[in-house]
Each structure stands twice: as C-alpha cells, then as structure tokens.
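Visitor: no sequence on hand, only this structure:
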C-alpha cells in the first residue's frame, strides 16, 4: 500500500517550452501533496504544499507563476514548469500525505528528471 | 543553527556491521519522526515512522527517539550491500505542516 506514482519519469524539453509533471496516489486519498526539488548529492528542497481544492502554498523564493501547481482531486496533483530554462533542470519529486486523522506519514513518488536544453 | 542536523558522511562499513545513523534537532515542537532511504536517482522510501519518544523495531531496523535530548537514531543490524543508500531523517510538528529534512547520510556497505 501507500504507493505514489509520477509521470513522466524523465523528460527533455527545449528552453521556453512548458512541462507538466503528474503525481498520483494510487491506493490512498491524499489530503495534502508536496513538491520538492533535488540537486545532485543534496537534500530535498520543498517547493510548495498543495491541499486538495485550494491554492498551493509556495516556499519563499519559489515563483508561483513559473511553477504552477494544481491539486484537482484527492489522488492527483500536477506541477507545470512554464517557460522552462536550463537552470530549471533538476530532479522533481512529489509526496503525498494520507487522509487519515493524526497521520503524518508521507510517501514519495519515484521522481521526474527534467533536462532543459 | 539549522532545525535538523545530520552528518552527511559518507559512512562506509563492512557487511554484517551494525550501523548507527543520527539526527539532532532544535525545535521542541517536533512530535513525528521519520527515516527515509533514498537510492540514487530514486524517490525517498519511508522506512520508519515514530510518534513522540521511544523505540520502534521493524526487521533489521530500529528507530529511537529521545525528545529530552532532541536526538533520533536509526540502527541497521546485519547490514547488507543493498542497504547502501542515502538515509534522510525527517520530522514535523502537529497540524498539517511539511516535513523538515536532514541533509542525509550516505552509507556504503562493503561486501
């Protein structure tokens, strides 16, 4: 149980284009989903927190107009990187917190490697 | 002082050794503690989840939380080469707040 999937697992795009990454909780309902970014050999950097049906909360320094997050249902959240540039190349990972009272367990997807050329 | 401190390693041990991984933290409001294992180019995998102080055991893994010292540990018994990965501690307080992560410790178990 507690499986989170991400699609695509890797993507190469040209500078200036937009890329959408999907995050799904496969066998549970997720009240909250989180999006992280990770550079090589570094820890996870939280980008934003999204609750189903409401606007995402972005961390300081993360441009909300560049990284669009939609959490349309209890099992799906999407991250769209708009007008991507080479500096946006990174490993993007989502995670989901189960809709169970008191639970703080958080399950991660396998990640999406984005390369912008 | 960072909220969560974790020695990045790398830590190299022989197969079969007992591994001890640790984190310290400064925020006394943290109540939920987790350990994740992350293989290269993969998402983190939840290993252990503990609420408040105490010990929890799952197979070869034991998690300990000492809230009075603001110190958490993960022990791996009979370590295997397949345990080679980065181990991240994470914690949060009550409410729907994000996890705060340590930087991760890179572990290599040598056959």
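Guide: Right, received. Where do you want to start? Quick caveat, the model's predicted, so the values are computed rather than measured. Numbers count the residues shown, from 1 in each chain, chains lettered A, B, ... in the order given.
Visitor: now for residue 66: which residues touch it?
Guide: Using chain A. Counting by CB atoms under 8 Å, 6 or more residues apart in numbering or on different chains, residue A:66 touches A:81-83, A:88. For the C-beta atoms, the positions are set from N, CA and C on the backbone; glycine is no exception.
Visitor: chain B was what I was after
Guide: B:53, B:72.
Visitor: if we can go back for a sec, I'd like the contacts of residue A:66 laid out as a markdown table, including pLDDT, distance to residue B:105 and secondary structure.
Guide: Formatted as a markdown table, the contacts of residue A:66 follow (pLDDT from 0 to 100; distance: CB to CB, whole Å; DSSP: H, G, I helix; E, B strand; the rest coil):
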| residue | pLDDT | distance to residue B:105 | secondary structure |
| --- | --- | --- | --- |
| A:81 | 97 | 30 | strand |
| A:82 | 97 | 36 | coil |
| A:83 | 96 | 37 | coil |
| A:88 | 96 | 28 | helix |
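Visitor: which of the residues you listed sits closest to residue A:109?
Guide: Minimum distance to residue A:109 across the contacts of residue A:66 is 15.9 Å, recorded for residue A:81 (CB to CB).
Visitor: which strand or helix spans the nearest residue to residue A:35 once chain neighbours are set aside?
Guide: Spatially, and ignoring its direct neighbours in sequence, residue A:35 is nearest to residue A:47 (4.6 Å; CB to CB, 6 or more residues apart in numbering or on different chains). Element membership of residue A:47 [criterion: DSSP states H and E] is strand A:44-51.
Visitor: so which other helices or strands are in contact with that strand?
Guide: strand A:30-38, strand A:57-58, strand A:67-73 (3 or more CB pairs under 8 Å, 6 or more residues apart in numbering or on different chains; DSSP states H and E).
Visitor: could you check the angle it makes with strand A:30-38?
Guide: Calculated by axes from the mean of the first three to the mean of the last three CA atoms, to 10 degrees, strand A:44-51 forms an angle of 150 degrees with strand A:30-38.
Visitor: hmm, back to that, just checking, the residue nearest to residue A:35 touches residue A:38?
Guide: No - applying CB atoms under 8 Å as the test, residue A:47 and residue A:38 come out as separate, 10.3 Å apart.
Visitor: looking at those two, which is more packed in?
Guide: The residue with the greater number of neighbours, taking residue A:47 and residue A:38 and applying other CB atoms under 10 Å in any protein chain shown, is residue A:47; the counts read 23 against 20.
Visitor: quick one: residue A:15 from chain B, how far?
Guide: In this structure, residue A:15 and chain B are separated by 23 Å, where distance is defined by CB to the nearest CB, to the nearest Å.
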